[in-house]
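Asker: Requesting a structural model of the entry that follows:
(chains A and B)
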Amino acid sequence: MNLAEGVQIVSFAILSALVIGAALGVVLLSNIVYSAFLLGGVFISISGIYILLNADFVAAAQVLIYVGAVNVLILFAIMLVNKQEDFSTLPRRWLRQGATALVCGGIFALLATMILVTPWSIDTTSSAMIDNTIVEIGKHFFSDFLLPFELASILLLMAMVGAIILARRDLIPDTVTTKEGTTTALTLPERPSELEVRELASAKGSSTSK
Amino acid sequence: MTTGIDLQGSFIESLKQLGLSDGLSKALWIPLPSFLMIIGATVGVLVVVWLERKISAAAQQRIGPEYAGPLGVLQPVADGIKLVFKEDIVPAKADPWLFTLGPVLVMLPVFVSYLIVPFGQNLIITDLNVGIFLWIVLSSIAPIGLLMSGYASNNKYSLLGGLRAAAQSISYEIPLALSVLAVVMMSNSLSTIDIVQQQSGYGILGWNIWRQPVGFVVFWISALAECERLPFDLPEAEEELVAGYQTEYAGMKFGLFYLGSYVNLVLSALVVAILYLGGWEFPISIDALAGWLGVNESSAWLEVITASLGITMTVLKAYFLIFIAILLRWTVPRVRIDQLLDLGWKFLLPVSLVNLLLTAALKLAFPIAFGG
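Answerer: Numbering: from 1, shown residues only, chains lettered A, B, ... in the order given. Alright, predicted model coming up:
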């Protein structure tokens, strides 16, 4: 075993441990923000495994899309939602947890059988070393994977147009009088927070009592 | 095209002649360029901090630092040592793990990005197929660190500041990537070496800035916004906000943010020099010059001169851009957050898209000039 192989095996072991540990953390930790950050760790470790498989472009795209876009979006969603909810203890909670464990175990068994049954024929002798992966990916995109590629482009275009339409607030007039109160141009048209609703309700209550 | 000096090859060869095994000599080589890069980046930051103090002093008709060392060149070192010795406070109700990890996550990707900066034909840590794409990818990790440090401070100003900083970073990444894509389209490669080589041969006339003037401006504006430089330093605008996501940070943890933003500035300037100003190329093509003077292209002394000229040219170009950035800091007023987002989404994004489409059209129409 020479130096390169040793480095590969050690990095594979470290990366697998990181993926499994971080993924368990995502599921098991009670703090949702920790889960979101650990999800980023999972994505980065998987990108490391892609690098070990010589898939440099996929590894980079994995980090860009999943860590740079998806995970940041999740974090934004978590940090902007300000909802306090105290969960009451349910009777027979173990029933739900047992069902979840059953489903998860079933999926795990299914995937494990798939991995064991599939003949992973890795032909190390004939496959020529690909110098430029991007050129190869481009060739595949415009020959045998043309339809999925175009479909994905249309999907992304739709998402972009939708986002622009949602983000355009030109149609909303400067002053809107809602039933809760007045919003100015500086406040975004959104539902009032729980605190405001409570204040409004108490104000109404006091005015009616008078 | 000459291959220039192969430092790696000669280093490994000389170790082998000393009687070391092949694997061991290669393993000894691996950490060397990284250490060199870290030291280079840190020295670059010290120089930028000194330059910033001196140029800002000149812009305001002051003298600037002058007691620490000749012309005050040791002032940034003193600043750094002060930050190291300051007490490292973690607020009582902050999240200690995320609070420590946040600055590291902001700074680390910037240092890793130095992998792809070439100073010559072989003077680069790794020549990756996805070189410039890797830089964009790594800069997309920084928002996570910003959000993390904003959240972990357990402070509403910090949380909002982190969200704002992340939003700014995300919105300027898209025009940045689109203007890089136009350059990549012209040079048919994502590798930084290929991008520089495509600009070589005609000296200053071959540089991408003449073919991509719009892309150059868009890229430089976006890079400044990514580095949180004035006029886009909203995340740490000390008058409007209470210093944004950095409010609770002190000592070396604050120093890491500080270091990260300056390293990022140096790195962005280097990348602009590579993408648009011909990288390590001299304004007059050295190959052509050697041809006129009748010097053999592969002679050893010419290669040494070419390599040292390459490093000098890259650094000179980068520091010229940094000089412009510092001048901008003292001449342009800060933008508001809505102006910032308007500029990013409503102006730079369409302009860079049109630039990309125009480049594609020109590439089809004039394949000679635009890399067919």
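
Asker: What residues does the residue of chain B found nearest chain A make contact with?
Answerer: Residue nearest to chain A within chain B: residue B:140 (2.8 Å; CB to the nearest CB). Using the backbone N, CA and C atoms, a C-beta is placed for each residue, glycine as well. With contacts taken as CB atoms under 8 Å, 6 or more residues apart in numbering or on different chains, residue B:140 has the following neighbours: A:63-64, A:67-69, B:170, B:173.

Asker: Pick out the most distant pair among those residues.
Answerer: By the measure CB to CB, those have their two most distant members at A:63 and B:170, which lie 14.5 Å apart.

Asker: What residue spans form the domains of chain A?
Answerer: Taking the TED database as the domain assignment, the ranges for chain A are A:1-81, A:131-171.

Asker: so of the contacts of residue B:140, which ones are in helices?
Answerer: Judged by DSSP state H, these include B:170, B:173 as members of helices.

Asker: Pull out the buried residues from the contacts of residue B:140.
Answerer: Neighbour counting by 16 or more other CB atoms under 10 Å in any protein chain shown classes A:63-64, A:67-68, B:170, B:173 among the contacts of residue B:140 as buried.

Asker: Now tabulate those in CSV and tack on pLDDT and distance to residue B:184.
Answerer: What follows is the buried ones among the contacts of residue B:140, written out as CSV (pLDDT from 0 to 100; distance: CB to CB, whole Å):
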residue, pLDDT, distance to residue B:184
A:63, 92, 18
A:64, 91, 15
A:67, 90, 22
A:68, 87, 18
B:170, 88, 21
B:173, 90, 16
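
Asker: Report the backbone C-alpha coordinates of stretch B:322-335 in CSV.
Answerer: Backbone C-alpha positions of stretch B:322-335 (Å, rounded to 0.1, in the frame of the first residue of the first chain) are rendered in CSV as follows:
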residue,chain,number,x,y,z
ILE,B,322,-6.4,47.3,-3.4
PHE,B,323,-5.2,50.9,-3.7
ILE,B,324,-8.4,51.7,-5.7
ALA,B,325,-10.5,49.9,-3.0
ILE,B,326,-8.9,52.0,-0.3
LEU,B,327,-9.4,55.2,-2.2
LEU,B,328,-13.1,54.2,-2.8
ARG,B,329,-13.4,53.8,1.0
TRP,B,330,-12.5,57.4,1.6
THR,B,331,-14.3,59.0,-1.3
VAL,B,332,-17.7,57.1,-1.6
PRO,B,333,-20.4,57.4,1.0
ARG,B,334,-21.9,54.2,2.4
VAL,B,335,-25.1,52.9,0.8
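
Asker: Pull out the buried residues from it.
Answerer: Burial within stretch B:322-335, assessed by neighbour count using 16+ other CB under 10 Å, is assigned to B:322, B:325-326, B:328-329, B:335.

Asker: among these, which two are most distant?
Answerer: Considering CB to CB, no two members of the buried residues of stretch B:322-335 lie farther apart than B:322 and B:335, which are separated by 20.6 Å.

Asker: is it true that residue A:90 lies in a helix?
Answerer: No - counting by DSSP: H, G, I helix; E, B strand; the rest coil, residue A:90 falls outside a helix, being coil.

Asker: Next, it: phi, psi?
Answerer: Comment: the main-chain dihedrals of residue A:90 come out as phi -90, psi 140, following degrees, to the nearest 10.

Asker: is any part of the strand or helix carrying residue B:98 close to chain A?
Answerer: Here residue B:98 sits within helix B:96-112, counting by DSSP states H and E. Yes - where contact is defined by CB under 8 Å from any CB of the partner chain, part of helix B:96-112 touches chain A, namely residue B:98.

Asker: Which pLDDT does the model give residue 123?
Answerer: Going with chain A. Here, the pLDDT recorded for residue A:123 equals 62.

Asker: not what I meant, chain B
Answerer: 77.

Asker: next one: residue B:241
Answerer: Turning to residue B:241, the model gives it a pLDDT of 56.

Asker: what's the helix or strand for the most centrally placed residue in chain B?
Answerer: Relative to the mean C-alpha position of chain B, the nearest C-alpha, by CA atoms, centre = their mean, is the one of residue B:267, at 1.3 Å. If you go by DSSP H and E, residue B:267 is part of helix B:251-276.

Asker: Give me the contacts around stretch B:21-33.
Answerer: Contacts of stretch B:21-33 with the rest of the structure, by CB under 8 Å, 6+ apart, involve A:2-3, B:8, B:11-12, B:15-16, B:20, B:125.

Asker: So what's the residue count around residue 77?
Answerer: You didn't pick a chain, so chain A it is. When neighbours are defined as other CB atoms under 10 Å in any protein chain shown, residue A:77 has 10 of them.

Asker: Actually, chain B is the one I wanted.
Answerer: Burial measure for residue B:77: 14 neighbouring residues, criterion other CB under 10 Å.

Asker: and if you look at residue A:44?
Answerer: When neighbours are counted by other CB under 10 Å, residue A:44 registers 21.

Asker: now residue A:16
Answerer: Here the count is done by other CB under 10 Å, and residue A:16 has 13 residues near it.

Asker: which residues does the residue of chain A found nearest chain B contact?
Answerer: Using CB to the nearest CB, the single residue of chain A nearest to chain B is residue A:68, 2.8 Å away. For residue A:68, the set of contacting residues under the criterion of CB under 8 Å, 6+ apart consists of B:137, B:140-141, B:143, B:170, B:173.

Asker: Any stretches of chain B with poor pLDDT?
Answerer: B:1-5, B:236-243, B:297-298, B:372 (pLDDT under 70).

Asker: Around chain A, which positions in it sit nearby?
Answerer: Of all the residues in chain B, those in contact range of chain A (CB under 8 Å from any CB) are B:23, B:26-27, B:98, B:128-130, B:133-134, B:136-138, B:140-141, B:143-144, B:147-148, B:151, B:159, B:163, B:166, B:170, B:173, B:189-190.

Asker: buried subset of those residues?
Answerer: Neighbour-count burial within those applies to B:26, B:98, B:128-130, B:133-134, B:136-138, B:140-141, B:143-144, B:147-148, B:151, B:159, B:163, B:166, B:170, B:173, B:189-190; the criterion is 16+ other CB under 10 Å.

Asker: Show me those that map onto strands.
Answerer: When those are checked against strands using DSSP state E, none is located there.

Asker: roughly how far apart are the residue located most distally from the centre of chain B and residue B:25?
Answerer: In chain B, the greatest distance from the average C-alpha position (CA atoms, centre = their mean) is reached by residue B:19, at 39.5 Å. For residue B:19, the distance to residue B:25 (CB to CB, to the nearest Å) stands at 10 Å.

Asker: what's the answer for residue A:147, then?
Answerer: In this view, residue A:147 and residue B:25 are 50 Å apart by CB to CB.
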